[in-house]
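>>> Sequence and predicted structure are below.
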Amino acid sequence: MTDEFQASSPSAVPVKPKLKPGASVRKFFLTARGKIIALTACVAVLMLVGVQQVYSRPMTDTFVRAAASIIPFPAISVDGTTVTLKDFLTEYVALEQYFKEEKKDGPNGDDLEVAIADTIVNKLAIRQLAQRRGIAVDAVRVEKYYQDVIASEESEEMFMRDLKDSFGWSREEFKSRVVEAIVLALQMSEEVLGNQDDQRGRREIIDTAYARLKNGEDFAVVAKDVHAGFGGTLQSDLGYVKQSVIPATWVFAVENLPVGSYTDVLDLPEGFAVFKLEERIVAGEDTQLRLLVVSAPKKTLEEVVKEYLEDAEVKRYVGEE
């Protein structure tokens with residue numbers, strides 16, 4: 001009985017010693033798995049602190065520039081296409097160096113950030129629009145544009161020296177950062193101005209105005225109504241214009257136009273227009289034409305980009321307005 005009692009007694013059952021508070025946690029972090037989790041947590045905390053510090057400090061801060069050179073922090077994103085903070089700082093430093101070299105007072109740090117961010121957003125938008133329309137930057141035009149720049153300088157060597165001193169760029173950096181962006185923008189501008197889909201709304205405006213003229217409405221009244229839709233800054237009365245200075249794109253339409261009549265709708269490089277000849281005066285070797293106009297400027301690349309960005313997902317990690 002005694003043996004059975006002792007065997008079944010609670011005092012005979014082995015009992016685990018109780019751990020002190022926190023001992024089990026410390027024991028876990030001594031294991032391989034615990035060490036990995038602890039290391040990961042530390043890295044995450046450091047990254048979080050680092051990100052907070054990078055985006056809260058000015059672009060001139062040494063820590064920001066050092067961190068950006070190591071970690072690809074995002075600066076600007078447009079519909080998933082991202083420009084890193086390192087690339088953003090390249091633009092920032094180049095402009096800083098330019099103002100310093102030229103001994104000019106540039107914008108303050110915040111304004112400079114906003115200006116660079118605006119430029120990058122527009123560049124990304126134009127690049128994405130070009131890709132959608134199957135337009136690649138024309139290498140021949142890039143080289144021609146570069147040569148035109150060089151031709152306006154004393155020499156290419158001097159230009160390269162000034163470029164290095166002012167921006168810290170090489171020839172290829174200048175071409176890729178500046179010339180290619182300009183040429184692609186020019187190509188896209190030409191595309192937009194000649195694209196019927198882009199210009200459909202403006203064409204409808206001038207066609208409606210032309211129909212009103214055909215119905216006998218006063219030319220000046222129609223011109224005033226149309227121009228009011230564009231801020232009222234367009235001129236309706238061009239006054240007396242020398243025939244010799246009228247652009248070749250529309251002189252053919254007015255040089256032999258009967259007084260009191262108007263042209264058909266003209267599709268000009270910059271817009272759509274209808275001209276009316278009020279008076280013709282022959283003065284010596286030149287002829288002066290008194291002209292009225294109803295015009296609808298074509299939609300520009302700037303307007304197309306603005307519309308595109310209204311629907312695009314734009315993220316600014318720096319350069320917030």
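Alright, I've got the coordinates. Numbering: from 1, shown residues only.
>>> Now name the helix or strand holding Gly134.
Remark: Gly134 resides in no helix or strand, with elements defined by DSSP states H and E.
>>> what's the neighbour count on it?
Close neighbours of Gly134, defined as other Cβ atoms under 10 Å, add up to 7. For every residue, glycine as well, the C-beta is placed using N, CA and C.
>>> where does it fall, phi/psi-wise?
Per-residue torsions, Gly134: phi 70, psi 30 (degrees, to the nearest 10).
>>> who are the neighbours in contact with it?
Contact analysis of Gly134 by Cβ atoms under 8 Å, 6 or more residues apart in numbering lists nothing.
>>> In stretch 246-258, which residues are buried?
Using 16 or more other Cβ atoms under 10 Å as the test for burial, stretch 246-258 gives Ile246, Trp250, Ala253, Val254, Leu257.
>>> Take it, keep the C-alpha atoms, and write them as CSV.
The C-alpha trace of stretch 246-258 is given here as CSV (Å, rounded to 0.1, in the frame of the first residue of the first chain):
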residue,chain,number,x,y,z
ILE,A,246,2.6,86.0,-94.9
PRO,A,247,3.7,82.4,-94.2
ALA,A,248,3.9,80.1,-97.2
THR,A,249,1.5,77.7,-95.4
TRP,A,250,-1.5,80.0,-96.1
VAL,A,251,-0.4,82.9,-98.4
PHE,A,252,-1.7,80.9,-101.4
ALA,A,253,-5.2,81.0,-99.9
VAL,A,254,-5.4,84.8,-99.5
GLU,A,255,-3.2,86.4,-102.2
ASN,A,256,-5.9,86.1,-104.9
LEU,A,257,-9.0,86.0,-102.6
PRO,A,258,-11.7,88.4,-103.7
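>>> For it, which outside residues touch it?
Residues contacting stretch 246-258 (Cβ under 8 Å, 6+ apart): Gln243, Thr263, Asp264, Leu266, Leu268, Pro269, Ala273, Phe275, Leu277, Thr287, Leu289, Leu291.
>>> go with 7 Å
Contact partners of stretch 246-258, identified using Cβ atoms under 7 Å, 6 or more residues apart in numbering, comprise Gln243, Thr263, Leu266, Leu268, Pro269, Phe275, Leu277, Leu289, Leu291.
>>> hmm, back to that, just checking, which of the buried residues of stretch 246-258 belong to helices?
Secondary structure assignment by DSSP state H places Ala253, Val254 of those in helices.
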